[in-house]
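>>> Based on what follows, work out the 3D shape:
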Amino acid sequence: MVDWKSEEVIQMDSMIFLKLTHALLGLYLWEFFISLDFDWAVMTGKTRFRWPLIFYFAGRYILLFALIGIAIALDTQSEINCQALYAFNQLAGNAAVGLASINLSVQTVAIWSQNIWIIVLLVLIIIGHWSLILQGILLNAVWLPGLDCTITNSDNTILAATFIYSMCFDFVVLCLSAYKLAWTHTWSGTHVAPTRLVRMLFSDGLVYFFIAFGSNVIATTMMVLDLNPIMSVIFNVPAAIASTIVASRVVRRLTNFQHSALEMM
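So this is what the prediction gives:
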């Protein structure tokens, strides 16, 4: 049986974490650059800026900085303040997960035509979510000569609670969207654009939920198992990247759809 607490296994897990993080950084950079045209269109005024896009841009760029920070922590050959760097990486990564949920919540509010009760419900859930995200420093990391920044301890209770809350949050948002789109929408059927919009929002919501839910389940499971400090957080990065990518795509598709509809009027 594998001794997950042994130094040899932890060192091997660190190498796996290093390679996985570099692969995910490449994946996110690819997704980031192929979607820069949308960012440029908003910045130059070709696509109208609306306040919900603040969460879109914040999520994209905060996660980018977090991944760069993780790469620095894993690749640097010079001694640095590992604790401060990992504190930033943890806060930025968790914030990206929270912002991804907010992006879908904004879409849900739009589906419900800014119903005040839906807004109040989602705002309360968001406040609870961020109360967990902003709990503080949940990781301890030190510089090991000849190696790099190494995670020595992690508070898995709060981290697991944050990811479980994220899953529940996403599930509530999916149910609200599905109910409104599948049962209470009042499109007449003669208008092509609303029908396409309903299908797009519903399918995107389902895709988002299953990808985000699946990645969060894996991350939460590893934190609950608490095999060692590395294995406890190794799937946090994939979960944050998956949530951010799919949430960002939902925002871009909805914004581009609305922009196209306005041009056709």
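
>>> could you point out which element follows the helix or strand harbouring residue 152?
Using DSSP states H and E, residue 152 maps to strand 149-154. Next helix or strand after strand 149-154 toward the C-terminus (DSSP H and E): helix 156-179.

>>> where are the low-confidence patches of the protein?
Within the chain, the stretches with pLDDT under 70 are 1, 136-138, 145-148, 154-155, 182-205, 258-265.

>>> can you pull out the helices in it?
For the chain, the helices defined by DSSP state H occupy 7-34, 36-43, 53-75, 82-111, 116-133, 156-179, 192-225, 229-233, 236-264.

>>> Would you convert those helices into a markdown table that also reports distance to residue 139 and mean neighbour count?
Yep, even glycine has a C-beta here, placed from its N, CA and C like the rest. Conversion of the helices of the chain to a markdown table gives the following (distance: least, CB to CB, whole Å; neighbours: other CB atoms under 10 Å):
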| stretch | distance to residue 139 | mean neighbour count |
| --- | --- | --- |
| helix 7-34 | 13 | 14 |
| helix 36-43 | 31 | 15 |
| helix 53-75 | 11 | 19 |
| helix 82-111 | 5 | 23 |
| helix 116-133 | 14 | 14 |
| helix 156-179 | 9 | 19 |
| helix 192-225 | 12 | 18 |
| helix 229-233 | 7 | 22 |
| helix 236-264 | 10 | 19 |
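
>>> Could you dump these into a markdown table and include distance to residue 144?
Formatted as a markdown table, these follow (distance: least, CB to CB, whole Å):
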| stretch | distance to residue 144 |
| --- | --- |
| helix 7-34 | 10 |
| helix 36-43 | 37 |
| helix 53-75 | 12 |
| helix 82-111 | 9 |
| helix 116-133 | 29 |
| helix 156-179 | 22 |
| helix 192-225 | 23 |
| helix 229-233 | 13 |
| helix 236-264 | 21 |
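
>>> Nearest to residue 142, out of those helices?
Of all these, it is helix 82-111 that lies closest to residue 142, at 5.7 Å by CB to CB.

>>> Leaving out sequence neighbours, find the closest residue to residue 20.
Nearest residue to residue 20 in three dimensions, chain neighbours excluded: residue 234, at 6.9 Å (CB to CB, 6 or more residues apart in numbering).

>>> thinking residue 243 is in contact with residue 100, fair?
Yes - the pair residue 243 and residue 100 qualifies as a contact (CB atoms under 8 Å) at a distance of 3.9 Å.

>>> Next, show the common contact partners of those two.
Residues touching both residue 243 and residue 100 (CB atoms under 8 Å, 6 or more residues apart in numbering) are residue 212.

>>> related to what we said a few turns ago, tell me what the strand holding residue 152 is packed against?
Strand 149-154 is packed against helix 82-111, strand 139-143, helix 229-233, with contacts defined by 3 or more CB pairs under 8 Å, 6 or more residues apart in numbering; DSSP states H and E.
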